[in-house]
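> Show me the folded form of this:
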Amino acid sequence: MLAPVTRTVHRHLEVDGVRVFYRESLPDRTDAPVLLLLHGFPSGSHQFRGLIDVLGSHYRLIAPDYPGFGHTQAPDDFTYSFDRLADITDGFVQGLGLDRFVMYVFDFGAPVGLRIAERHPERIAGLIVQNGNAYDEGLSDAARGLIGLTPGTPGAHDAIQGMLTLDGTRGQYVTGVADPDLIAPDGYTLDQHFLDQPGRKQAQEQLIFDYRSNLERYDAWQAWLRQHTPPTLITWGSNDPFFPEPGARAYLRDLPDAELHLFDTGHFALETHLPEIAPLIADFLDRTWK
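The predicted model follows:
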């Protein structure tokens, strides 16, 4: 029997002068659990296309692009910081009228999503964490080196711009993956298409310089987790060159009842392990939403 085919709409929503693009599945039931998908660097909502296709007929999956990413259009004078990404994403959530949802946080999605969770804990029905770091031990040496760059660091601009090439973008997908043939080229080539648009690399540079603001909030986010204890599913690529496995296990200190699943893959775990991860998400949504 063929699996149900997911119907997905692709729309824009105006938020504080930003034209936010998003993908939304149209499930068969009106009371379907809602999953907000927050993407990472240097990607966009398109990284969730496979997950939306698999789960979208049963659940309402919503995936926005942040300013500086994907199809979202921001004013030329937009300030690229994690606080502002959270502001726009928070406004997007309010604009859609979402008062309760499970939140999937990946990479940049963790600092964006946890800012939103701090502001509106009543909205968070649960967390799905996929290589989204909130702990010191979850930072590799490579990540610490990148985060340590400042506008005044000699060679910082060249180092960051060197990451934003096709080779650099592809490397983020294939590093740590046992079989690179499992990685379709579509994701990283589309990422590069958006990175090569005017102003996008400068936006990414601003966000990398601002990443240290996330480390300063780790203690507060960990306290939030301990206080609110949201139901949490952790799916993590163990060979992530930026956020290694100890970052996944660290969540269990503050969320001892969290479910942890480790996979022998790299940063973009959904690219190689969607068949294993999607059923975990479906089961988690069914139990958590009730």
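> can I assume Asp186 sits in a strand?
No - going by DSSP: H, G, I helix; E, B strand; the rest coil, the assignment for Asp186 is helix, not a strand.
> what sits against it?
Counting by Cβ atoms under 8 Å, 6 or more residues apart in numbering, Asp186 touches no other residue. Just so you know, the C-beta spots here come from the backbone N, C-alpha and C atoms, and that holds for glycine as well.
> could you check the distance from it over to Gly68?
Here Asp186 is placed at a distance of 21 Å from Gly68 (Cβ to Cβ, to the nearest Å).
> Just the CA coordinates for the longest helix along the chain, please, in CSV.
When the chain is parsed with DSSP state H, its longest helix is helix 269-289. The C-alpha atoms that make up helix 269-289 are tabulated as CSV, following Å, rounded to 0.1, in the frame of the first residue of the first chain:
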residue,chain,number,x,y,z
ALA,A,269,21.6,13.5,10.6
LEU,A,270,18.3,13.7,8.7
GLU,A,271,20.2,13.5,5.4
THR,A,272,21.4,9.9,6.2
HIS,A,273,19.0,8.6,8.9
LEU,A,274,15.6,9.9,8.0
PRO,A,275,14.1,6.4,8.0
GLU,A,276,15.3,5.8,11.6
ILE,A,277,14.6,9.3,12.9
ALA,A,278,11.1,9.9,11.4
PRO,A,279,9.4,7.1,13.4
LEU,A,280,11.0,8.3,16.6
ILE,A,281,9.5,11.8,16.0
ALA,A,282,6.1,10.4,15.1
ASP,A,283,5.9,8.3,18.3
PHE,A,284,7.2,11.3,20.4
LEU,A,285,4.6,13.6,18.9
ASP,A,286,1.8,11.2,19.5
ARG,A,287,2.7,10.7,23.2
THR,A,288,3.7,14.3,23.9
TRP,A,289,0.6,16.0,22.3
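> Okay, helices next: where are they in the stretch 151-290 of the chain?
Ranges of helices within the stretch 151-290 of the chain are 156-163, 166-174, 185-195, 200-210, 212-215, 218-228, 245-254, 269-289, based on DSSP state H, counting those that start in this stretch.
> Would you single out the least confident of those helices?
When the helices of the stretch 151-290 of the chain are compared by mean pLDDT, helix 156-163 comes last with a mean of 94.
> Who are the packing partners of that helix?
Applying 3 or more Cβ pairs under 8 Å, 6 or more residues apart in numbering; DSSP states H and E, we find helix 156-163 packed against helix 141-147, helix 200-210.
> Now distance to His267 too, for the ones you listed, in TSV please.
Formatted as TSV, the helices and strands packed on helix 156-163 follow (distance: least, Cβ to Cβ, whole Å):
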stretch	distance to His267
helix 141-147	11
helix 200-210	16
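> quick one: which of the helices of the stretch 151-290 of the chain is nearest Ala125?
Set against Ala125 and scored by Cβ to Cβ, these come closest in helix 269-289, at 5.8 Å.
> quick one: buried residues of the closest one?
Going by neighbour count (16 or more other Cβ atoms under 10 Å), the buried part of helix 269-289 is 269-274, 277-278, 280-282, 284-285, 288-289.
> What of stretch 10-19?
Within stretch 10-19, the residues that count as buried by 16+ other Cβ under 10 Å are 15-16, 18.
> cool, and stretch 162-182?
For stretch 162-182, burial by neighbour count (16+ other Cβ under 10 Å) applies to 163-164, 168-170, 172-177.
> Glu216: which of those is nearest?
Met163 (22.8 Å).
> Can you name the residues that contact that closest one?
Counting by Cβ under 8 Å, 6+ apart, Met163 has contacts 146, 169.
> Throw the buried residues of stretch 162-182 into JSON lines and include distance to Pro154, thanks.
Below are the buried residues of stretch 162-182 laid out as JSON lines (distance: Cβ to Cβ, whole Å):
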{"residue": "Met163", "distance to Pro154": "17"}
{"residue": "Leu164", "distance to Pro154": "19"}
{"residue": "Gly168", "distance to Pro154": "20"}
{"residue": "Thr169", "distance to Pro154": "24"}
{"residue": "Arg170", "distance to Pro154": "27"}
{"residue": "Gln172", "distance to Pro154": "24"}
{"residue": "Tyr173", "distance to Pro154": "29"}
{"residue": "Val174", "distance to Pro154": "30"}
{"residue": "Thr175", "distance to Pro154": "26"}
{"residue": "Gly176", "distance to Pro154": "30"}
{"residue": "Val177", "distance to Pro154": "33"}
